[in-house]
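**Student:** I'll drop the sequence and a predicted model, then ask my questions.
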Amino acid sequence: MQRPLRNALCLIILSLCLACPIAWAETGYLVLHVKDVQQHPVTGLQIGVEGDGGSATTDPKGKARIKLAPQTAVKSWVSLQIEKSPAGSDWVMVSPWERRTPVPSFENESENFVDVVVVQRGDRAALESGAVLKAAVQQINKANAPKSADKQAAPENPKANLEAVAKQYGLSPDDLDEAIKAWGAKTTDPYDAGLVALYARNYDKATTDLQDSLKQREEKLASDQAADQKAVADAAFFLGQSLYQQGKYKESAVAFQRCLQIRPDDATVLNNTALSLMQAGDYPAAEPLFQRALAIREKAQRPNQPEVAQSLSGLASLLYAKGDYAGAEPLFRRALAIDERALGPDHPHVAICLDNLAALLYAKGDYAAAEPLYRRALAIQEKALGSDHPDVAADLNNLAALLKAKGDYAGAEPLSRRALAIDEKTLGPDHPGVAIDLNNLANLLETEGDYAAAEPLMRQSLAIKERALGPDHPSVARTLNNLAVLLEKEGDSAGAEPLYRRALAIKEKALGPDHPDVANSLNNLAGLLEKEGDCLDAEPLRRRALAIDEKALGKDYPNVAIGLNNLAALLEREGDYAAAEPLYRRALAIDEKVLGPEHPTTRQIRANLDNLLQKSAQAAAPKARN
């Protein structure tokens with residue numbers, strides 16, 4: 001009689017368990033399966049979640065259950081860290097390659113765990129592992145991604161991030177570089193091939209391969225809901241980076257936006273999307289993304305962390321590009337204060353903040369305040385990085401530009417030449433960073449009136465950029481424009497005009513017809529036509545340039561004031577004083593408000609208005625009778 005009762009009880013318990021599967025769920029826990037690159041479980045490894053999460057030690061099967069913070073929801077992203085390796089070992093995380101993972105569902109399903117792959121630091125066998133090489137090249141590429149839209153920022157040192165990642169794995173940089181290239185040569189996977197091409201700065205191949213990879217991963221995701229969304233996000237991220245390097249900013253923004261759909265709260269992706277939109281001239285779309293990245297980092301990192309300073313600088317750079325100096329300055333100052341407190345007064349990141357603030361003060365015409373900041377930044381970089389580092393070259397260029405603006409050509413020229421020598425040595429003679437240095441030195445010699453010495457440097461700069469970036473890159477257009485300006489000063493209008501027109505065509509194609517850089521080219525071409533006496537063709541170019549800047553930047557920014565001044569000068573030349581006067585007055589009001597009454601540009605516009613008023617008075621005065 002007892003046995004049937006015992007069976008009945010078991011059936012009742014079983015039916016209760018089947019009716020309540022939630023009792024088996026891993027609610028509030030992240031389950032990890034940790035293996036080495038040979039897929040062997042790793043035992044005794046303490047691994048945890050950064051921030052408020054807990055940690056756990058892997059069992060004999062390599063499994064760990066980590067308690068998550070109460071606010072951590074399913075699908076949110078968490079960062080992992082190896083806290084302690086077993087005695088006699090030193091493990092490094094290979095996968096996830098950036099140590100971040102979305103939290104799987106807490107339901108008790110077989111796939112609701114995260115695979116973690118690790119490798120022993122210094123194990124040369126890692127150089128034969130595709131998993132390690134893929135992780136390494138992904139880390140290097142992400143570190144190489146542009147973090148600022150500043151055209152005068154230090155060029156990326158191609159060795160620095162390789163060395164940092166090699167050190168992380170305990171490997172020689174040369175050995176890792178050779179292994180990455182060998183792996184890339186034999187891989188047939190378009191994602192892997194695209195990563196290696198991006199690493200090698202072969203952006204045409206990288207874009208093609210990564211586009212193929214993204215298409216394949218999107219198709220798999222569409223047909224299989226269990227497919228890896230992270231794989232789609234990674235392909236979209238690196239495709240966006242490659243397109244950005246090609247100067248295809250609108251397409252880059254689209255790729256980053258796809259990544260953002262999967263990782264909507266990733267501050268890095270938000271920042272890169274905003275950078276692409278900013279470079280594409282879409283400031284209204286970029287600004288809220290910079291603000292969102294800042295808010296996420298302030299919440300996650302606390303308000304006084306370096307990541308917050310980086311986001312502040314990104315938003316400030318956008319406001320600076322718009323000409324909103326009043327909005328940008330307190331953000332730059334706050335970023336500087338954060339990095340000084342968090343990193344110390346002599347950290348290279350502090351130097352970058354000093355450079356940003358100095359550039360703003362320079363643009364406002366406050367050379368006296370900008371110069372000590374540039375000099376302090378240079379001293380920090382020389383002490384921290386050595387006298388022959390590309391970041392030192394960038395600071396030398398910045399200081400040289402300021403001294404040039406002050407008229408101190410004798411002080412500026414040796415700085416500019418030293419910057420060029422550093423970058424030729426560290427980056428190689430055909431690097432785009434060297435092209436920037438050549439351009440800067442040529443501009444200085446041009447200002448000194450030494451056109452014969454400036455022209456070959458400018459042509460060398462153009463040749464480097466065309467080879468390195470392709471003939472239709474926006475950076476090529478900027479050098480074409482600069483060469484045209486030089487030829488115009490030499491009196492070679494016939495040589496300058498086709499360069500201006502080619503620069504304009506490149507920008508319209510690459511950036512779109514309503515980009516502020518297009519307005520700049522329109523103004524330059526119009527100025528040449530005016531000089532040749534062709535005001536009829538110049539006027540619509542001036543008006544179009546002004547309309548572009550008003551739409552892109554708003555009606556009260558310095559670039560708009562320049563456009564108003566240029567159009568007014570043209571109308572004045574045509575004798576239409578009545579139409580020119582209100583334009584001069586509006587330009588003067590903008591610059592007096594934004595730049596101050598004593599800024600060199602403000603003074604020039606005031607002088608232009610005074611001259612016009614004199615002409616108007618003379619024209620209106622009654623003629624004396626003989």
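**Tutor:** Okay, I see it. Note that the structure is a prediction, hence the values are computed from the model and not measured. Numbers count the residues shown, from 1 in each chain.
**Student:** C-terminal to the helix or strand harbouring residue 349, what's the next element?
**Tutor:** Using DSSP states H and E, residue 349 sits in helix 348-363. Remark: after helix 348-363, the chain's next helix or strand is helix 367-385, criterion DSSP H and E.
**Student:** mind giving me the packing neighbours of that following helix?
**Tutor:** On a contact count with 3 or more Cβ pairs under 8 Å, 6 or more residues apart in numbering; DSSP states H and E, helix 367-385 meets helix 348-363, helix 390-406. C-beta here means a position set from N, CA and C on the backbone, and glycine is covered the same way.
**Student:** distance of residue 550 from residue 516?
**Tutor:** Distance of residue 550 to residue 516, computed by Cβ to Cβ, to the nearest Å: 10 Å.
**Student:** how close does residue 45 sit to residue 84?
**Tutor:** For residue 45, the distance to residue 84 - Cβ to Cβ - is 8 Å.
**Student:** among the two, which residue is more densely surrounded?
**Tutor:** The residue with more neighbours, out of residue 45 and residue 84, is residue 45; 23 against 13, by other Cβ atoms under 10 Å.
**Student:** quick one, what contacts that one?
**Tutor:** 34, 57-58, 64, 82, 84-86, 91, 118 (Cβ atoms under 8 Å, 6 or more residues apart in numbering).
**Student:** what's the closest non-adjacent residue to it?
**Tutor:** Once flanking residues are discounted, residue 45 sits nearest to residue 58: 4.8 Å by Cβ to Cβ, 6 or more residues apart in numbering.
**Student:** that older thread, export the contacts of residue 45 to TSV and tack on pLDDT and secondary structure?
**Tutor:** Shown next, in TSV, are those (pLDDT from 0 to 100; DSSP: H, G, I helix; E, B strand; the rest coil):
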residue	pLDDT	secondary structure
34	95	strand
57	95	strand
58	95	coil
64	93	strand
82	94	strand
84	94	strand
85	94	coil
86	93	coil
91	96	strand
118	95	strand
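**Student:** quick one: which of the residues you listed is nearest residue 590?
**Tutor:** residue 82 (55.7 Å; Cβ to Cβ).
**Student:** the closest one: neighbour count?
**Tutor:** Around residue 82 there are 18 residues (other Cβ under 10 Å).
**Student:** coming back round to it: so the residue nearest to residue 45 makes contact with residue 41?
**Tutor:** Yes - applying Cβ atoms under 8 Å, one finds residue 58 in contact with residue 41, separated by 7.4 Å.
**Student:** tell me how this protein divides into domains.
**Tutor:** 28-121, 302-384, 386-512, 530-620 (automatic domain parsing).
**Student:** among those domains, which is nearest residue 237?
**Tutor:** Nearest of those (Cβ to Cβ): domain 28-121, 9.9 Å.
**Student:** what about stretch 206-215, distance to the chain center?
**Tutor:** Its chain's average C-alpha position is 21 Å from that of stretch 206-215, according to Cα atoms, centre = their mean, to the nearest Å.
**Student:** ok, now stretch 451-470?
**Tutor:** 24 Å.
**Student:** now it - C-alpha only, PDB.
**Tutor:** C-alpha atoms of stretch 451-470 as PDB (Å, rounded to 0.1, in the frame of the first residue of the first chain):
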ATOM      1  CA  TYR A 451      56.300  81.000 -52.400                       C
ATOM      2  CA  ALA A 452      59.200  79.300 -54.200                       C
ATOM      3  CA  ALA A 453      60.000  77.200 -51.100                       C
ATOM      4  CA  ALA A 454      56.300  76.600 -50.200                       C
ATOM      5  CA  GLU A 455      55.000  75.200 -53.500                       C
ATOM      6  CA  PRO A 456      57.100  72.000 -53.700                       C
ATOM      7  CA  LEU A 457      56.200  71.200 -50.100                       C
ATOM      8  CA  MET A 458      52.500  71.600 -50.900                       C
ATOM      9  CA  ARG A 459      52.700  69.500 -54.000                       C
ATOM     10  CA  GLN A 460      54.500  66.800 -52.000                       C
ATOM     11  CA  SER A 461      51.800  66.900 -49.400                       C
ATOM     12  CA  LEU A 462      49.200  66.500 -52.100                       C
ATOM     13  CA  ALA A 463      51.000  63.500 -53.700                       C
ATOM     14  CA  ILE A 464      51.200  61.700 -50.300                       C
ATOM     15  CA  LYS A 465      47.500  62.100 -49.600                       C
ATOM     16  CA  GLU A 466      46.500  61.000 -53.100                       C
ATOM     17  CA  ARG A 467      48.600  57.900 -52.700                       C
ATOM     18  CA  ALA A 468      47.600  57.100 -49.200                       C
ATOM     19  CA  LEU A 469      43.900  58.100 -49.200                       C
ATOM     20  CA  GLY A 470      42.900  58.000 -52.800                       C
END
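**Student:** quick check: mean pLDDT across it?
**Tutor:** Taken as a whole, stretch 451-470 has an average pLDDT of 96.
**Student:** contact partners of that stretch?
**Tutor:** So stretch 451-470 is contacted by 201, 204, 246-247, 429-432, 434-436, 438-439, 441-443, 445-446, 473, 475-476, 479-480, 482-483, 486-487, 489-490 (Cβ under 8 Å, 6+ apart).
**Student:** using CSV, write out every CA atom in stretch 176-187.
**Tutor:** The C-alpha coordinates for stretch 176-187 follow below in CSV (Å, rounded to 0.1, in the frame of the first residue of the first chain):
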residue,chain,number,x,y,z
LEU,A,176,52.3,39.5,-33.3
ASP,A,177,52.4,41.8,-36.4
GLU,A,178,53.9,39.0,-38.5
ALA,A,179,51.3,36.5,-37.2
ILE,A,180,48.4,38.8,-37.9
LYS,A,181,49.5,39.4,-41.5
ALA,A,182,50.2,35.6,-42.1
TRP,A,183,46.8,34.7,-40.7
GLY,A,184,45.1,37.4,-42.8
ALA,A,185,46.8,36.1,-46.0
LYS,A,186,45.3,32.6,-45.6
THR,A,187,41.9,33.3,-44.1
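**Student:** tell me the mean pLDDT over it?
**Tutor:** 95.
**Student:** and what of stretch 353-369?
**Tutor:** 94.
**Student:** OK, contacts around residue 148?
**Tutor:** 275, 313-314, 317.
**Student:** mind pulling the model confidence for residue 111?
**Tutor:** 77.
**Student:** what does residue 157 give?
**Tutor:** 62.
**Student:** ok, now residue 4?
**Tutor:** In this model, residue 4 carries a pLDDT of 39.
**Student:** do the same with residue 149
**Tutor:** For residue 149, the model assigns a pLDDT of 64.
**Student:** can you check residue 227 too?
**Tutor:** 59.
**Student:** got the phi/psi numbers for residue 116?
**Tutor:** Main-chain torsions, residue 116, degrees, to the nearest 10: phi -120, psi 130.
**Student:** what helix or strand is the closest residue to residue 254 other than its chain neighbours located in?
**Tutor:** Once flanking residues are discounted, residue 254 sits nearest to residue 240: 7.9 Å by Cβ to Cβ, 6+ apart. Following DSSP H and E, one finds residue 240 within helix 229-245.
**Student:** next secondary structure after that helix?
**Tutor:** Downstream of helix 229-245 (by DSSP H and E), the next one is helix 249-262.
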